[in-house]
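[1] I would like to see how this sequence folds:
(chains A, B, C, D, E and F)
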6 protein chains.
Amino acid sequence: MKLGFVSAILADLELEAVLELAAEIGYGCVEVMCWPKGKAERRYAGVTHLDVSGFDAGQAAQVKELQEQLGVTISGLGYYPNPLAPDAAEAQVYVDHIKQVILAAELLDIPVVNTFIGRDWTQSVDANWPRFEQTWKPLVAFAEDHGRKIAIENCPMFFSKDEWPGGKNMATSPAIWRRMFDSIPSTSFGLNFDPSHFVWQRMDYVAPLREFSDRLFHLHAKDARVDVQRLNQVGILANPLEYHAPKLPGLGDVDWGAFFAALTDTGYSGPLCVEVEDRAYEGSLENRTASLVQTHTFLRQYMGPDR
Amino acid sequence: MKLGFVSAILADLELEAVLELAAEIGYGCVEVMCWPKGKAERRYAGVTHLDVSGFDAGQAAQVKELQEQLGVTISGLGYYPNPLAPDAAEAQVYVDHIKQVILAAELLDIPVVNTFIGRDWTQSVDANWPRFEQTWKPLVAFAEDHGRKIAIENCPMFFSKDEWPGGKNMATSPAIWRRMFDSIPSTSFGLNFDPSHFVWQRMDYVAPLREFSDRLFHLHAKDARVDVQRLNQVGILANPLEYHAPKLPGLGDVDWGAFFAALTDTGYSGPLCVEVEDRAYEGSLENRTASLVQTHTFLRQYMGPDR
Amino acid sequence: MKLGFVSAILADLELEAVLELAAEIGYGCVEVMCWPKGKAERRYAGVTHLDVSGFDAGQAAQVKELQEQLGVTISGLGYYPNPLAPDAAEAQVYVDHIKQVILAAELLDIPVVNTFIGRDWTQSVDANWPRFEQTWKPLVAFAEDHGRKIAIENCPMFFSKDEWPGGKNMATSPAIWRRMFDSIPSTSFGLNFDPSHFVWQRMDYVAPLREFSDRLFHLHAKDARVDVQRLNQVGILANPLEYHAPKLPGLGDVDWGAFFAALTDTGYSGPLCVEVEDRAYEGSLENRTASLVQTHTFLRQYMGPDR
Amino acid sequence: MKLGFVSAILADLELEAVLELAAEIGYGCVEVMCWPKGKAERRYAGVTHLDVSGFDAGQAAQVKELQEQLGVTISGLGYYPNPLAPDAAEAQVYVDHIKQVILAAELLDIPVVNTFIGRDWTQSVDANWPRFEQTWKPLVAFAEDHGRKIAIENCPMFFSKDEWPGGKNMATSPAIWRRMFDSIPSTSFGLNFDPSHFVWQRMDYVAPLREFSDRLFHLHAKDARVDVQRLNQVGILANPLEYHAPKLPGLGDVDWGAFFAALTDTGYSGPLCVEVEDRAYEGSLENRTASLVQTHTFLRQYMGPDR
Amino acid sequence: MKLGFVSAILADLELEAVLELAAEIGYGCVEVMCWPKGKAERRYAGVTHLDVSGFDAGQAAQVKELQEQLGVTISGLGYYPNPLAPDAAEAQVYVDHIKQVILAAELLDIPVVNTFIGRDWTQSVDANWPRFEQTWKPLVAFAEDHGRKIAIENCPMFFSKDEWPGGKNMATSPAIWRRMFDSIPSTSFGLNFDPSHFVWQRMDYVAPLREFSDRLFHLHAKDARVDVQRLNQVGILANPLEYHAPKLPGLGDVDWGAFFAALTDTGYSGPLCVEVEDRAYEGSLENRTASLVQTHTFLRQYMGPDR
Amino acid sequence: MKLGFVSAILADLELEAVLELAAEIGYGCVEVMCWPKGKAERRYAGVTHLDVSGFDAGQAAQVKELQEQLGVTISGLGYYPNPLAPDAAEAQVYVDHIKQVILAAELLDIPVVNTFIGRDWTQSVDANWPRFEQTWKPLVAFAEDHGRKIAIENCPMFFSKDEWPGGKNMATSPAIWRRMFDSIPSTSFGLNFDPSHFVWQRMDYVAPLREFSDRLFHLHAKDARVDVQRLNQVGILANPLEYHAPKLPGLGDVDWGAFFAALTDTGYSGPLCVEVEDRAYEGSLENRTASLVQTHTFLRQYMGPDR
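    Numbers count the residues shown, from 1 in each chain, chains lettered A, B, ... in the order given. The predicted structure is shown next:
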């Protein structure tokens, strides 16, 4: 298992500086954000550490050399839009860009592209299903053709009013994952699993590490803390951010000993990337760097050195 | 506190037979269903033990005498439609019938009418609010004019796909109750509280008994059991009936000792009506009667005789 | 084991009416209050169902006949003053009256007299000890001479400001009981154990049922509920009633299944008397009678019929 | 579901008196012990309320009439030997008697015969398996031929030194049940499930009620309490009775609300027989009768009247 | 947040050596003890790392330079007497010395002085209140005049017999803090909060971090472990040290993840000083240094580097 | 307390390389395996880092110098056979080799020899006892004569079928330890305690640290995780490895904060050696080294530097 972080938190640094910081702290890899250049549409989105439009073999060689020099690998390319957005034209833009990310990953010999399934959040899962198959069958086939794997993060993308009621990503639970893998049984189609999303959904985040061990292509290390007093006021029908908050690993409700015990039992040997979305550590670059140092210290006691 | 039951479970009996059964088992009161005559639109709805259309003083006298003879009182009249249904004409039908229930309650000297706030379930709470005020300010005023109280049940009316995503009744949480009572501060506007809805919403169902003690006009005794194994498969974003089930009191997750302790501490002296929605006890009249006998036995140990 | 109640809750009834009510509800015994006639000094104290001053063989014969007629026995005579009150004259009054209660018990063939050790509440346990020995050695010897047992209740008598800081009865914990029985090893000196006092003291109330099984002469059935939200505001250094309340059995934090399991394991065959101090059931005689009916129903499911 | 009890606790009464007592307390059925006449070999074994040797149609008619008269049915015939005893001759005696019990059940129109699989307790489960198949395939076929069902109790029959290490009945866990039903898939082969045996084996006793719902032919209602302090001294490698004790329902660690919730969910409609093995209620007939009264009161609050 | 320690544990080192050790281990600050020179009156008291009597600008310049050189700041000056001691003359000595500590803090540009409110431990909180106001209103005003903040530690100073019953510091709970800040609403009057004191008081130590976030001027990092077996013997009416022990962070019952999560949520940016009172780490300087190294390692994983 | 590891995990390294690796990672000691040269009979057994047959003063001097050079001490010599094996000749071989290990420890000035009591696993504890005394009385006397201590590990040596039913080491619980020390009260006879074996035996692993503090000669740091879902399938009568797994410290169910709190309270100052038996960290030397690095990081936060 290799410890890394998601580059989105360092939006103000260039790729080289990101990898240098990783090396300095002791991280072995980084998930690199590949949004199209332009204005960010939501917090942590829109970060472009690698511009995949027009990305070519020459640029790829430079990035490969950078990894070699610093001893830090790129664990995956990340781009998290809503490819099932209700507006078909908008959705197509997302799908087209995912293809470009896949092509860049191929040039870079990076095995995994991380993204969302998406969802028309005003419609039920059933209602979204035909369009899911229509959109994703060709996309997964495209990834297969180019020797890449697609890892879908299990984030519900439902935190506040704008995403109410269904959230912008359907891949939220084992029940839906099973349906996904039934519809598209390709072995190139899997998960980028983040235990924090199961905390507030009140789900066991350890059992899936066993059941879906051959679908785990990438992992996120994030924690979440449920605020019981707030929950007693608003109940689980409220928007989730009304009663919980994303936190750094160790500051939330995840039992990391149990999490790593399961990963070591199943022999997971892929990347685990810290995703900093704890508002208490935003702001200055110093604060965000501190969050990466702290989490590195915290997680190493459970996972040891990279191997 | 007086122990009763909700008459809906005995749809195939006439009012007199319902009250006789109550007396026989040992119940002191009954909440009587007052749906308009016609076809039921959902389980337990559409039951008409008292036909309020054209209800007059003569009929009222008969019903009063029946109560006296049998020693069983009517704790409240119940009618649970969606007065904020998206179709304005449909909503108006519901509002008009609520008024008729209020008038019947006045004729019968019954203090409370139990119902739902309703909701356009495709819209957010905020989006529903203007219409809530528009609909309910005059309705509450109407109840006040006729000396009756409106008790809103806290049922989310969100159990399955048809009610997705918002459910058909907004009055689901203390946070929303506070907003309701801010908008319409009338002392005739209160709650018909059922702890089972808080079980799957993961909320403390004891604290509100204290905070809202002066708004508790009526109570339902129902239990609910969360199925942890199912929940681990689907998470709280699934439809609630995918991971929990309504159960008879004692067969679910409610701590009835704590529930009654709080009620006795605050001096609640109103009705508590068992609502049978446990599928295991449906079907034959014998089964449904058995459920009322069992629950009567179970609850009396915590609340003692009526007083 | 025989189920009874403490007569203090029925201060407004004569002894005969108390025993009749017991028989009617199904209780097999009653602990009868024997305060001297006069004004009560605190809630539930000062009740005189049996006036022991000048009590003679003739009166005793009448009381015995009453028990026989109604099939209800007197489980013990109860009088709970502070025999270690700082004012020596006041303390002497209490001691003298305890002796009269012992003599009455002898005349009535009642094996147990229930009372408190007492305490100068402004002094430490150590500082009270010499006077404890001085007062109690002769008192226990007196009981022995008259063939009676002394059962000390484990109530700290520390609930509010007037009893701050030490409470008016030292016999609050196993550690102190061991010291008591070391000082006065008489087999006529034992306990009237009430589990509710251990709830807010955060102590295991089941283990002592085993360790002190040969010291258990009488038991009280009372429950208590700790209010966690209040406790979080005031902490255990506050007066105990600021964060907990006495409740009827079943409405508090005692695990009655475990309690009775231990009693049946050790073969306890003495009385268990319900002590009603739940403020929610005070007031009218109807309310207080209801509390006795409810608790009788609740406890019989764990202890069955008297035997 | 019908509430009954296992007749073994009333060894000193004749069948008629047993059924009369059942009727008097309110039980709807009784599991009747059918050991061969002779000396009991262990506690509660060797009881003969129905002597099946030479049992004929005439005797059957009398027993049927007795049931009709008293309104109490016989839920099953019970005989719990070790049909896989190491001594082949001894085992054959047991097998032969089981056949006689089956024939008696046929004459009496009683659907179920309750027994044990047995085990050579000095051998592993694997080592016992060939003999299990050899013994039980013909026995189950015999039951099928006579229209009866075999219900195997899940008691490990490992409580003390004589049964060390393997116990005298292999049917202790879902894993082994699956193996049993794979070996002998007959629908006449099922379970007489008792949750108390899962308590000290630290197993979920609710999940099997769902998974094996079509194998549940009979149920025992017994409770068990683990003694944590003893367990800390001896660990689970000790003999089980060194750290736990069988108790009456409600005095142990079983969550009866959850137990009945599952049974009602799956629609279990067979018998549930209280098995009294709580040493605190042994001895006099009065004590044992009291245990049946108490448990009847306790369980009815969760299951209501028979239906 | 800056991690430091309380200098009292290094009574045998001079200030310079204390700061050097802090720098060497990685601590960013130290709370420096300022007791008057003389004999210590209780464990950890009486330590004088800075002698404030006659402290002048020249000495202050030296201490400032020392901080600069070593990169370690002084987080606050600490002096913890009982300014409400029953003997008025004794109390005046304490008050006078607190003023001198304030003046020294002013000269050193150190924002906070840490101390106790005090208490006449033989009197109730109410009885102490007039004297509290009389003593503290001028003291807080004095601090305001000199631009310093007073941070009151929440230690009950009730551990053993000499401090029985009330303890020597009233500022033990949120309820009393609210009363303090009502009496003296100055924004220069706040808290030096230590979660360990809430562990044995059974209070939520996380909620106050939110409610009193603007009153938190300084924090202590200490842990405490409740010994359940001892507690079962003596109950919470015993002296607290009879059933709990102060421990190093990580060896007690505090959930440090939750503690730091709340601090980061509210944006606490002040000092957090380890207070070593774990008897297992007393004795040799090597032992005490080891305790500081261990705790530094333990806490950094939850708080990261200073920032 | 000194942190070390058990050398068995590094079977492919020579003693010098083992000690060098210890020094490099930061361990202060190593428990060195002393099996006779030859083929290993079970996982982790048969490792020979020190060949004690024919071990002489010259070799001892070399090993001592090695320790000095590297700053790493040998905490104990380890050899874990079954000295009560049913085959008397086999058992004698084990006993003879234990004596040789004792002699080597004497030459090396190493105070402790770690081993097992052994057991005829097909016989009860009682049946083994005479032979235990016969074998161990002279062995302990031999150790005493040579100034060494015998530390018995509490491993049940019952994990799989071959060791069924009794396991190959009787020293599994406090109850049996008390019996051992009654039979052989020598102060040279004690324990090498490993908390992980108590996890799946469901025993309190903290209390024995206090009760047996003067018998603790050596400690193992291993963790274990019970798999609740597996346990629900097989129960505690299954072989233990069917429902639990040994894990690295921090990845199992041990509460290490409580463990170290007790050790520091009782002043334990001996060695604590990490025993790696987590299958997830077997295989390559890199993996096994990583496990030692990770565990060193994890445990230091609770125990600090060696002292």
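[2] residues near residue A:287, how many?
    Look at residue A:287: counted by other C-beta atoms under 10 Å in any protein chain shown, it has 16 neighbours. Bear in mind the C-beta positions are built from the backbone N, C-alpha and C, glycine included.
[3] Tell me who's in contact with whichever residue of the stretch 151-300 of chain A sits closest to chain E.
    The stretch 151-300 of chain A approaches chain E most closely through residue A:294 (2.8 Å), counting by C-beta to the nearest C-beta. With contact set as C-beta atoms under 8 Å, 6 or more residues apart in numbering or on different chains, residue A:294 has these partners: A:248, A:250, E:300, E:301, E:302, E:303, E:304, E:305.
[4] quick one: which of these has the most company?
    The most crowded member of these, judged by other C-beta under 10 Å, is residue A:248 (29 neighbours).
[5] For that residue, which non-adjacent residue is closest in space?
    Distance criterion C-beta to C-beta, 6 or more residues apart in numbering or on different chains; nearest residue to residue A:248, sequence neighbours excluded, is residue A:278 at 4.8 Å.
[6] ok, now which ones touch the one you found?
    For residue A:278, the contacting residues are A:245, A:246, A:247, A:248, A:251, A:291, E:264, by C-beta under 8 Å, 6+ apart.
[7] any chance of those residues in CSV, plus secondary structure and pLDDT?
    As requested, these are exported to CSV (DSSP: H, G, I helix; E, B strand; the rest coil; pLDDT from 0 to 100):
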residue, secondary structure, pLDDT
A:245, strand, 94
A:246, strand, 96
A:247, strand, 95
A:248, coil, 96
A:251, coil, 95
A:291, helix, 96
E:264, helix, 92
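[8] So which elements touch the helix or strand harbouring residue A:62?
    Following DSSP states H and E, one finds residue A:62 within helix A:57-70. Judged by 3 or more C-beta pairs under 8 Å, 6 or more residues apart in numbering or on different chains; DSSP states H and E, the packing partners of helix A:57-70 are helix A:15-25, strand A:73-78, helix A:88-108.
[9] Could you single out the most deeply buried of these?
    strand A:73-78 (a mean of 26; mean count of other C-beta atoms under 10 Å in any protein chain shown).
[10] one step back: give me the pLDDT value at the residue nearest to residue A:248.
    Per-residue confidence (pLDDT) for residue A:278: 93.
[11] could you check the distance from it over to residue A:295?
    Separation of residue A:278 from residue A:295 (C-beta to C-beta, to the nearest Å): 9 Å.
[12] same deal with residue A:275?
    10 Å.
[13] Which residue lies nearest the spatial centre of chain A?
    Centroid check for chain A by C-alpha atoms, centre = their mean gives residue A:153 as the closest residue, at 5.0 Å.
[14] Return the residues in contact with that residue.
    A:80, A:114, A:115, A:116, A:169, A:171, A:191, A:192, A:193, A:194, A:220.
[15] Select from the residues you listed every entry located in strands.
    Among the contacts of residue A:153, DSSP state E puts A:114, A:115, A:191, A:192, A:193, A:220 in strands.
[16] So between residue A:275 and residue A:295, which is more surrounded?
    Taking neighbours as other C-beta under 10 Å, residue A:275 and residue A:295 compare with residue A:295 leading, 28 against 25.
[17] where's the more buried one relative to residue A:257, distance?
    From residue A:295 to residue A:257 the distance is 16 Å (C-beta to C-beta).
[18] So what's the residue count around the residue lying closest to residue A:282 once chain neighbours are set aside?
    Once flanking residues are discounted, residue A:282 sits nearest to residue A:288: 6.8 Å by C-beta to C-beta, 6+ apart. Per other C-beta under 10 Å, the neighbour tally for residue A:288 reads 19.
[19] any idea which element residue A:288 lies in?
    Assessed by DSSP H and E, residue A:288 sits inside helix A:285-303.
[20] how far out from the middle of the chain is that helix?
    Chain-centre distance of helix A:285-303: 18 Å, with C-alpha atoms, centre = their mean, to the nearest Å.
[21] Compute the inter-axis angle for it and helix A:15-25.
    Helix A:285-303 runs at 50 degrees relative to helix A:15-25, counting by axes from the mean of the first three to the mean of the last three C-alpha atoms, to 10 degrees.
[22] Looking at the contacts of residue A:294, which is nearest residue E:227?
    residue E:302 (25.0 Å; C-beta to C-beta).
[23] can you pull the contacts of the closest one?
    Applying C-beta under 8 Å, 6+ apart, we find residue E:302 in contact with A:250, A:251, A:294, A:298, E:256, E:257, E:259, E:260.
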